[in-house]
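1. how would this look folded up:
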Amino acid sequence: MHVRTSFRALALAAAAGLSAATLTTAAHAETTAEDRAPTAAAPGDVVSSEPSAFHPLPGQPTNTKAWKIHYRSTTAKGTPNTVSGTVIVPQDGRTGPRPLITYAVGTVGVGDHCAPSAGFPRGTTLEANLIQQLTLRGWAVAVTDYEGLGTPGDHTYTVGRAEGHAVLDAARAAIRLPEAGLSKDSPVGIMGYSQGGQATSWAAELHGSYAPDLKVKGTATGGVPGDLMKVAAFNDGSYGSGLIFMAAIGQNAAFPELNLESYLNPTGKALIGKLRDSCVADGAVLGSFKRIKDMTTRNPLEQPDWQQRLRESQVGTRAPDAPVYLYHALADELIPYGVGKQVRADWCAKGANVEWHTIPLGEHVSGVITQSPLAAQWLADRFAGKPAKGNC
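-> Residues are numbered from 1 along each chain as shown. This next block holds a predicted model:
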């Protein structure tokens, strides 16, 4: 089934089961006025904010307020950058520290117009229905756009450290946004799938060293592309081959010395040019069945510098310091089941508290739809102070 069609159909079904009696009408106008912070010296500081809107489907009202933000974060090389994102807060009269989810979306593409913040006001962000499950629980949600997705430069797609920084700093920015009404004591959950699974896994691993100020209670992550070399080999020439070439764009964006252009033949340059302005929802990313050898004069993945950078994005090299709910579909057609299972093995070997779930039926996209309610309940239990029971 085509990803666009299957995801949209399943998301619509999820929305139908969730909405009805739980939503109240609220209209939130967009504005271009920016509330610029005087300084943004530290990771997670808000650079600018403006009112936005959160619509899971076109025109669907929600009892929330939303703001588009730009915030300070850190590149994979450790230098300061600015990332965009969205903060969504239910308007339910709740007092006291409200739980906050920092949510990382799956692959949307590398064109700026693919950014989640661009789609929320229009009701076109694919995972908005899943995010709505969280706001209906009374949780605030921060959704990063990732580095370079909606901000200048190419999106650093599949660069784990950059993604992990962006996820953690989105939570910091939400807490530091005065209008959101959150607290530094707000319990934080980390959640994502696919690309978001890589990003949240990295966030979980980096939390203790990079953002120990966040009160992270747990991470729910699935469909994790833990080993990019294995994922590339699996997808070369197949339905998901477009992901390989987007990953090449992303790695080159973070590490320009890789010099992607020097490896491309004219056909490859045309493909890369097209992907730079494409979204998964456009149908331009998946289903291309392209082979690396047909797009290049020599394979960059056979070069030591490319291999080293891809290894640097591997998941499982350090143990998360909070419990993890980890899941993967047995029949995943984009990210091999064995890759996700290896993440579990690596984390368990390092003493992490991991609750692992195999999804016996379904493919990559349906995996996140079926597991999201269970993952959200797992996070609710962490927020309630219940002990996590790993199954390493």
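2. For the helix or strand harbouring Gly196, the averaged confidence score.
-> Using DSSP states H and E, Gly196 sits within helix 195-210. The predicted model assigns helix 195-210 a mean pLDDT of 98.
3. Same check on stretch 213-220?
-> The pLDDT scores in stretch 213-220 average 98.
4. Buried ones in that stretch, by neighbour count?
-> For stretch 213-220, the neighbour count (16 or more other CB atoms under 10 Å) marks 214-220 as buried. (Glycine included, C-beta is placed from N, CA and C.)
5. Just the CA trace of that stretch, in PDB.
-> Backbone C-alpha positions of stretch 213-220 (Å, rounded to 0.1, in the frame of the first residue of the first chain) are rendered in PDB as follows:
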ATOM      1  CA  ASP A 213      17.600  19.800  33.400                       C
ATOM      2  CA  LEU A 214      14.700  18.100  31.700                       C
ATOM      3  CA  LYS A 215      12.600  15.800  34.000                       C
ATOM      4  CA  VAL A 216      12.500  13.000  31.500                       C
ATOM      5  CA  LYS A 217      10.300  10.100  32.700                       C
ATOM      6  CA  GLY A 218      10.600   7.900  29.700                       C
ATOM      7  CA  THR A 219      10.900   7.500  25.900                       C
ATOM      8  CA  ALA A 220       8.500   5.700  23.600                       C
END
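6. residues contacting His328?
-> Taking CB atoms under 8 Å, 6 or more residues apart in numbering, we find His328 in contact with 222-224, 335, 337, 340-341, 357-359, 367.
7. Looking at those residues, spot the one nearest Tyr157.
-> Nearest to Tyr157 among those: Ile335, at 14.2 Å, using CB to CB.
8. Using the three-state scheme, assign the closest one.
-> Of the three states, Ile335 takes coil according to DSSP: H, G, I helix; E, B strand; the rest coil.
9. Is there a neighbour count for it? I'd like the number.
-> Ile335 has 28 neighbours, counted by other CB atoms under 10 Å.
10. likewise Gly273?
-> Around Gly273 there are 11 residues (other CB under 10 Å).
11. Same check on Ser117?
-> Ser117 has 22 neighbours, counted by other CB under 10 Å.
12. how close does it get to Trp202?
-> Distance of Ser117 to Trp202, given as CB to CB, to the nearest Å: 21 Å.
13. and if you look at Ala220?
-> Per CB to CB, Ala220 is found 14 Å from Trp202.
14. What of Lys274?
-> For Lys274, the distance to Trp202 (CB to CB) stands at 28 Å.
15. swap in Arg94?
-> The gap separating Arg94 from Trp202 is 30 Å, by CB to CB.
16. and the two? which has more neighbours close in?
-> Neighbours per residue, other CB under 10 Å: of Arg94 and Trp202, the larger number sits with Trp202, 32 against 14.
17. from memory the more buried one sits against Gly160, does it?
-> Yes. With contact defined as CB atoms under 8 Å, Trp202 and Gly160 form a contacting pair (4.3 Å).
18. list the residues that contact both of the two?
-> Shared contacts of Trp202 and Gly160 (CB under 8 Å, 6+ apart): 313, 315.
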